[in-house]
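Peer 1: Coordinates for the following, if possible.
(one chain, ligands or ions: 1)
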Amino acid sequence: MSLSDRKIDPAAASRSFDTVKVALGERSYDIVIGSGASADIGTHLRPILRRPRLTIVTDETVYRLHGETLNAALDVAKIDHREIVLPPGEGTKDWTHLEVLTDRLLDAKVERGDIVAAFGGGVVGDLVGFAASILRRGVDFVQIPTTLLAQVDSSVGGKTAINTRHGKNLVGAFHQPRLVLADIDFLQTLPEREYLAGYAEVVKYGLIDDAPFFDWLDANREALAKRDPAALQYAVTVSCKAKARIVAADEREEGVRALLNLGHTFGHALEAETGYSDKLLHGEGISIGLVLAFDLSVQLGICPAEDAARVRAHLSALGMHTSPRDAGVSDVAALIDHMKQDKKVKDDVVTFILARGIGKSFISRDVKLDQVEALLSAALAG
Ligand SMILES: NC(=O)c1ccc[n+]([C@@H]2O[C@H](COP(=O)([O-])OP(=O)(O)OC[C@H]3O[C@@H](n4cnc5c(N)ncnc54)[C@H](O)[C@@H]3O)[C@@H](O)[C@H]2O)c1
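Peer 2: Presented below is the predicted three-dimensional model:
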């Protein structure tokens with residue numbers, strides 16, 4: 001029986017945690033997933049802590065909502081802890097906050113052999129991971145992700161980065177965490193928009209290579225919309241398994257890891273066109289990108305139209321974005337220009353993740369920009 005065939009048992013899910021291993025030799029680590037997993041932090045941290053001391057980096061929102069829960073669990077585990085609280089939002093992933101953070105970590109006397117915890121969404125995770133990679137030439141860190149996007153994507157795989165005036169995620173390092181602790185309960189306080197943006201990445205895993213998982217998501221749409229804990233635990237676990245498998249096969253994105261970019265070429269162009277602002281969250285861009293990647297595959301004659309229709313129907317039933325118009329974008333030429341800036345474009349040919357159907361995605365290196373332009377023009381005319 002595949003994981004996707006498993007029936008949800010809410011009682012069982014609330015009692016037990018799932019553990020997914022990221023197999024990277026001596027840099028392997030566990031992702032522990034479940035309701036209340038943070039209460040168990042001592043059990044998971046003890047084996048990797050050299051001394052009972054943890055420096056937690058978080059943002060103001062996460063600290064206000066969930067700081068007490070984590071602190072109480074650390075107190076019970078008799079792990080000494082201190083917090084560094086940063087402002088929330090993408091603006092924190094910059095040089096200024098990297099400097100502030102590294103200074104404060106040094107003020108807190110974080111030494112090699114100590115562990116720093118990134119407690120928050122992808123912004124905190126990316127910034128803290130990068131700071132940990134350079135502090136004293138590298139200290140260990142753990143991820144305690146609190147957004148759906150961070151639990152299923154950014155906390156796993158070791159990509160860390162900050163943004164610069166040249167663009168997003170341009171300065172960073174590969175630095176794997178020692179542990180990821182994904183407490184499903186944290187997701188209950190996420191604003192709906194953030195929740196749905198993270199959900200786009202969950203759907204992506206079904207579309208890449210796991211059609212039964214997409215079927216399961218479709219069948220459990222209402223439970224997922226209501227953030228049913230058992231449904232969430234299962235969805236996060238399957239997503240983490242998929243990401244762990246791809247990262248283990250290709251840690252530095254030299255091959256198959258590019259499949260994780262399904263929907264991203266469109267998504268990044270849309271994010272650039274909306275100025276990386278609140279007008280369009282990353283996951284909202286990915287939701288539109290997934291639909292466009294399937295539509296492009298249909299246009300190229302390699303994907304059944306019914307599959308593209310199912311993707312669109314699933315996302316729109318949850319109230320997610322499915323068209324560039326949902327992001328207020330209508331300038332095809334501008335989107336094509338953004339794609340041309342992308343390092344994936346060479347001689348007007350762009351590396352794209354296409355699909356032969358749901359769960360059948362592949363890396364294509366022969367999509368021409370004029371084919372993309374035709375698709376976008378049709379999408380915006382229709
Ligand atoms: N490293 C990677 O592999 C990778 C992958 C995808 C995305 N990313 C990065 O992740 C970032 C986006 O991450 P994100 O979507 O988690 O954004 P985020 O970290 O900005 O979090 C979104 C908002 O939700 C708030 N929040 C966090 N947890 C909450 C909770 N439990 N309840 C209520 N509010 C909560 C935060 O304070 C913030 O305001 C981007 O910078 C992107 O580049 C990195």
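Peer 1: which bits of the stretch 251-382 of the chain sit near the ligand?
Peer 2: Neighbours of the ligand within the stretch 251-382 of the chain, by C-beta under 6 Å from any ligand atom: residue 282. Bear in mind the C-beta positions are built from the backbone N, C-alpha and C, glycine included.
Peer 1: contacting residues for residue 227?
Peer 2: Residues counted as contacts of residue 227 (C-beta atoms under 8 Å, 6 or more residues apart in numbering) are 187, 188, 195.
Peer 1: The first one is in contact with residue 149, isn't it?
Peer 2: In this case it means residue 187. No: in this structure residue 187 lies outside contact range of residue 149 using C-beta atoms under 8 Å: 10.4 Å.
Peer 1: ok so, going back, save the contacts of residue 227 as CSV, and put in pLDDT too.
Peer 2: Output for the contacts of residue 227, formatted as CSV (pLDDT from 0 to 100):
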residue, pLDDT
187, 98
188, 98
195, 98
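Peer 1: Relative to the ligand, which of these is nearest.
Peer 2: residue 187 (6.2 Å; C-beta to the nearest ligand atom).
Peer 1: That closest one should be in a helix, yeah?
Peer 2: Yes: counting by DSSP: H, G, I helix; E, B strand; the rest coil, residue 187 falls inside a helix.
Peer 1: That one: neighbouring residues, count only.
Peer 2: 23 (other C-beta atoms under 10 Å).
Peer 1: Which positions in the stretch 101-250 of the chain make contact with the ligand?
Peer 2: 120-124, 126, 146-147, 149-150, 153-154, 157, 159, 168-169, 186, 189-190, 194.
Peer 1: I'd like to know which of those residues are buried.
Peer 2: 120-124, 126, 146-147, 149-150, 153-154, 157, 159, 168, 186, 190, 194 (16 or more other C-beta atoms under 10 Å).
Peer 1: Which ones among the residues you listed lie within strands?
Peer 2: Using DSSP state E, the subset of those located in strands is 120, 159, 168.
Peer 1: Pick out the residue of the stretch 251-382 of the chain closest to the ligand.
Peer 2: Residue of the stretch 251-382 of the chain nearest the ligand, by C-beta to the nearest ligand atom: residue 282 (5.4 Å).
Peer 1: residues in contact with that residue?
Peer 2: 122, 149, 197, 267, 271.
Peer 1: Kindly recompute the last result at 10 Å.
Peer 2: With contact set as C-beta atoms under 10 Å, 6 or more residues apart in numbering, residue 282 has these partners: 90, 122, 149, 153-154, 168, 197-198, 200-201, 264, 267-268, 270-271, 276.
Peer 1: how far away is the most centrally placed residue in the chain from residue 169?
Peer 2: Nearest to the geometric centre of the chain sits residue 153, at 2.7 Å (C-alpha atoms, centre = their mean). According to C-beta to C-beta, to the nearest Å, residue 153 stands 13 Å off from residue 169.
Peer 1: overlap in contacts of these two?
Peer 2: By C-beta under 10 Å, 6+ apart, the residues touching both residue 153 and residue 169 are residue 159.
Peer 1: what would the ones in strands among the buried ones among the residues of the stretch 101-250 of the chain next to the ligand look like in JSON lines with pLDDT?
Peer 2: Converted to JSON lines, those look like this (pLDDT from 0 to 100):
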{"residue": "120", "pLDDT": "98"}
{"residue": "159", "pLDDT": "97"}
{"residue": "168", "pLDDT": "88"}
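Peer 1: Nearest to the ligand, out of the residues you listed: which one, please.
Peer 2: Nearest to the ligand out of those is residue 159 (C-beta to the nearest ligand atom; 3.8 Å).
Peer 1: I figured that closest one was touching residue 168, is that so?
Peer 2: No: using C-beta atoms under 10 Å as the test, residue 159 is too far from residue 168 to be in contact (12.0 Å).
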